[in-house]
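Novice: below is the sequence, then the predicted model.
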Amino acid sequence: MKTLPFLVLLFICGSLITKAQEVTYTSSKSGWDANQFGNQRVLVHFNGIAKVAKVYIEWRRSDPNPEEKAIIVQDAKTGKKIENILPLSLNKERGIICFEPTSGPGTYFIYYQPYKNEGRSNYPKGVYPKQDKLPDWVARKDAERLPVNTKVLQIESVDAFNSVYPMEVIATSAEVGKLKAQHAEPAYLVFPESRRYPIVMKNDIPQRWIVKGPQRTFTDKALRGENFSFQLGVYALKELQNVKLKFSDLKDKMGNKIAAKLISCLNTEGTTYDGQPFGKTVNVPKDQVQALWCLLTVPTTTKPGTYSGSIEVSVANAPSQLIRISLQVDARLNKENGIDEPWKQTRLTWLNSTLAQNNTVIAPYTALEVQGTTISLLGRKVELDKNGFPKQIQTFFSPEMTDYINTPNNLLAENIHFHFVRKADGKNIKLNDGGIEFTQKQAGTVKWKTTSANDSLQMDITGRLEFDGFMFYTVKVTALKDVDLKDVTMHIPFNKTAATYLMGLGQKGGERPEKFEWKWDVANKNQDGAWLGNVNAGLQYSLRDEKYIRPLNTNFYLQKPLLLPTSWGNGNKGGVTIGIKGSSMLVNNYTGEREMKKGEVQYYNFTLLITPFHTIDTDFQWENRFYHKYNTIDSIKATGATVVNIHHATPINPWINYPFIEHAKMKSYIDEAHRKGLKVKIYNTVRELSNRAYETFPMRSLGHEIYSPGKGGGFSWLQEHVKDDYIAAWFVPEIKDAAIVNSGMSRWHNYYVEGMNWLTKNVGIDGIYLDDVAFDRITMKRIKRVLTQGGHPGIIDLHSANQYNKSDGFNNSANLYMEHFPYLNRLWFGEYFDYEKNKPDFFLTEVSGIPFGLMGEMLQDGGNQWRGMVYGMTNRLPWSGNNDPRPIWKVWDNFGMKGTKMIGYWSENCPIKTSNPEILATVYKKPGAALVAIASWASQDEKITLNIDWKKLGIDPAKAVLSIPEVTNFQQGSTPDLKSEIAIDKGKGLLLVIREK
């Protein structure tokens, strides 16, 4: 070790700086390279003549284990890193650091949270390195004897968003100890806090509260009509149980009042995403802080003045405390409740919204009609049996899916029914049906109930059918005495012709196997049902119980998987078999053996979804050409696209699933697009949420209601501010947008609906682009209602990466999101879909959308443009790889696709077939002409001839002329003879035009 001959001189001449310094916190205006140095630094000034600078920093850090994190010292004058440093003591409260002042007296920067991003760029793992091995430049014992000779000027954050002041500047242990000693009597302390300073920390209290002390009064200001809010920070000196707030009326001196019923606590009460009032129990562990957010929408009729009242804080295991509140109401009227100033937390009331919750019919659907026990809806009918289950389900769609027809397609060979099989003799326990009673008949919803019973079992059934074809059954089975069952089964007997295809239960979409067996495995598989059907008639079903919670999906299924239904799963004894039985194709859903004690209840709930939902809209497909990238309006219009999809991480929509911050720029862009004849949709979904959301910490105060529990980590901002108990999601390194995974079904969906309503009315969006979906059909209906209000187009397209993988629980994207399909306008399936190896039945069921009344586009590697056209699909600009869709758009325009009738290869009415069954043809027909899309699934290059039914085609063969138009990067032009052989390359195809002279 080196000694310090100048030590005595230092003591004599050095500036002796006391430890107790008032610290100023600021945010840098110019910033620095946070990727190299971290987000926080201390500016210090050395004014001595010694060769060692020593500084005492009372930094009051909230991050864990500062002693394990590196320190970087930088010379402000040269910008160079100083190698000779010695951290003497580092903890959360303070740091003592020595360094060599390389430029003598002057300013130096001490960075105390440098990090490195490891892992994938969009899913980083922020790592805080330990201190590198330090040079042997000063003896520790000598450094410890040195006086402090360097002054702290300020603690600085790289920008305002990374600021820790004031709510993340911790109180010291001595300050907390003194606070507890001064207030030993209460079991908890209450700190009223302004909405300007959301409570962030859970395990520390801020220094701000030490300065202020516990308060029994709170004073603030609000405008008439404003969504006002404030917080009560409850600091538990012992474990607290069932913390509640009770509000009094607020009154002024004249007797005017703001009623107590208008004030609520976001943490203890609210409205669920499906419109139901609910209460929450709030418990606070010892030595932790709980923020209680209080909401008040000040009535517009309120007289200006000062209104006073009280809040009673009650705790089940401690005495109550009374907080006085004084609110000065300004005479000014707040525009739209102040939601244009979300940094004031004015949108927290959106979390309890019931907007668009009423189940009104959404176009193109029609009102439900009930005649006897038959319920009619758009293109479908359901006839109920006396047991309350469907006796028959019919659809009225043509095989081409372009028209409604009068002849029904019958789905069922017989009624859906249950069997309760006695273990003793293997016989069915027959229940006596009680008959149907309709309990609600509305345009959007029809409900009914019935009871079937005997001396041992009672089955109470409630069912409902909604206008889009969704059915939900609650099947409550009660044991009237002890019953030993060999099995409980629900049979869905399909007509064989109505179950051509199967998708789900671990099966990729395609032709149904002759025999199939499946078992529950919710820990690994997001599977609880399947879709079976044909192109123009099908049925999806899922098995649930009363505890069903929608799991996470898209990369996060394993973090929050399905709950095994107690009834259907039965400890993994249950399962499904599918196969031919007699004249039907039987879906047998079974539970296996179980005993039921007298009074025991099991719920065998299930859902049904009748497909298709409506006919396909081919004209919408041809006319609405999506451009999926932010660009100038003029450049997009020049491509021929008509609809712009604005992704996140763009100048007008930077923050993922929080499109509110740059709304003025977005409106300007959309206004220009509208003037020039284009529509604009934006990326906005629910699955993860940007850390830029103003409401991040109020929603964190709700526990796991909005954000999923997890191991934390991810980008540095999340670790330094959110700290723990979250799942880090998508990250955009260019703008440092770090998302957090949402918890699933929550009040955030209410906010989402209100947000979409605001964007539609105030910004003018024409719809949304959904990048996978983490909400259910209830929220989807609400979104469609607000997007289409006032004549807005409300276009919704859904992209999904193929969910058939380990991380997503081996589900099918189409099966997972089918409940949303009634409200979509287009599919984009998607990453990881293989358009080369999969067969036509996979394209038809999993990609095209046609069996559900939709049409789609391709994504992965630009898709297969020849196969895509058989289903009316192209890829999407500019995500097109080498398959630019514009040459095909040109064919559409030249041919005149608007008004054509699409007749797919799957239809018996298709007028053109090829001589090779592995080379398929779809016809787009109009008077006197037809565009024919041909695609090959053959294993090699082939030559084909066309088999044409001229009568069905509507063209006189004597006048027919065949041409192959020139299409860039698709095909070369020619005019072959109608009877000649046509060469088709492996994996490719052709577009042919047949016209009548």
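Specialist: That came in fine, so what should we check first?

Novice: what packs against the longest helix seen in the chain?
Specialist: As assigned by DSSP state H, the longest helix anywhere in the chain is helix 663-675. For helix 663-675, the elements it packs on are helix 633-639, strand 643-646, strand 679-683, judged by 3 or more C-beta pairs under 8 Å, 6 or more residues apart in numbering; DSSP states H and E. (C-beta placed from N, C-alpha, C; glycine too.)

Novice: possible to save those as TSV with mean neighbour count and distance to residue 689?
Specialist: Rendered in TSV, the data for those read as follows (neighbours: other C-beta atoms under 10 Å; distance: least, C-beta to C-beta, whole Å):
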stretch	mean neighbour count	distance to residue 689
helix 633-639	15	28
strand 643-646	25	18
strand 679-683	23	13
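
Novice: ok, which of those comes nearest residue 274?
Specialist: strand 679-683 (25.0 Å; C-beta to C-beta).

Novice: so how far is that closest one off the chain centroid?
Specialist: The chain centre lies 17 Å from the centre of strand 679-683; the measure is C-alpha atoms, centre = their mean, to the nearest Å.

Novice: so what secondary structure elements neighbour that strand?
Specialist: Judged by 3+ C-beta pairs under 8 Å, 6+ apart, strand 679-683 is in contact with strand 643-646, helix 663-675, strand 767-771, strand 795-800.

Novice: nearest to residue 884, of these?
Specialist: Between residue 884 and the helices and strands packed on strand 679-683, the tightest spacing by C-beta to C-beta is seen for strand 643-646, at 17.0 Å.

Novice: what does that closest one contact?
Specialist: Around strand 643-646, the neighbours that count as contacts under C-beta atoms under 8 Å, 6 or more residues apart in numbering are 624-631, 633, 636, 652-653, 666, 669, 673, 678-683, 766, 769, 795, 797.

Novice: buried sites along stretch 500-508?
Specialist: 500, 501, 502, 503, 504, 505, 506, 507, 508 (16 or more other C-beta atoms under 10 Å).

Novice: flag every buried residue along the longest helix of the chain.
Specialist: Of the residues in helix 663-675, those scored as buried under the neighbour-count criterion (16+ other C-beta under 10 Å) are 663, 666, 667, 669, 670, 673.

Novice: run a quick neighbour tally on the residue nearest to the first one when sequence neighbours are not counted.
Specialist: What that stands for is residue 663. For residue 663, the nearest residue in space outside its immediate sequence neighbours is residue 763; the separation is 5.4 Å by C-beta to C-beta, 6 or more residues apart in numbering. Burial of residue 763 is recorded as 21 neighbouring residues (other C-beta atoms under 10 Å).

Novice: CA atoms of the longest helix of the chain as PDB?
Specialist: Only the C-alpha atoms of helix 663-675 are listed here, as PDB (Å, rounded to 0.1, in the frame of the first residue of the first chain):
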ATOM      1  CA  HIS A 663     -52.000  12.500 -29.000                       C
ATOM      2  CA  ALA A 664     -51.600  15.900 -30.500                       C
ATOM      3  CA  LYS A 665     -49.100  14.700 -33.100                       C
ATOM      4  CA  MET A 666     -51.300  11.700 -33.700                       C
ATOM      5  CA  LYS A 667     -54.300  13.800 -34.400                       C
ATOM      6  CA  SER A 668     -52.400  16.000 -36.800                       C
ATOM      7  CA  TYR A 669     -51.200  13.000 -38.700                       C
ATOM      8  CA  ILE A 670     -54.700  11.500 -38.800                       C
ATOM      9  CA  ASP A 671     -56.300  14.700 -39.900                       C
ATOM     10  CA  GLU A 672     -53.900  14.900 -42.900                       C
ATOM     11  CA  ALA A 673     -54.600  11.200 -43.800                       C
ATOM     12  CA  HIS A 674     -58.300  11.900 -43.800                       C
ATOM     13  CA  ARG A 675     -57.900  14.900 -46.000                       C
END
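
Novice: where does this protein have low pLDDT?
Specialist: Within the chain, the segments meeting pLDDT under 70 span 1-21.

Novice: cutoff 50 now
Specialist: Low-confidence regions of the chain, defined here as pLDDT under 50, cover residues 1-20.

Novice: returning to that earlier point: nearest to residue 275 among the buried residues of stretch 500-508?
Specialist: residue 504 (29.2 Å).
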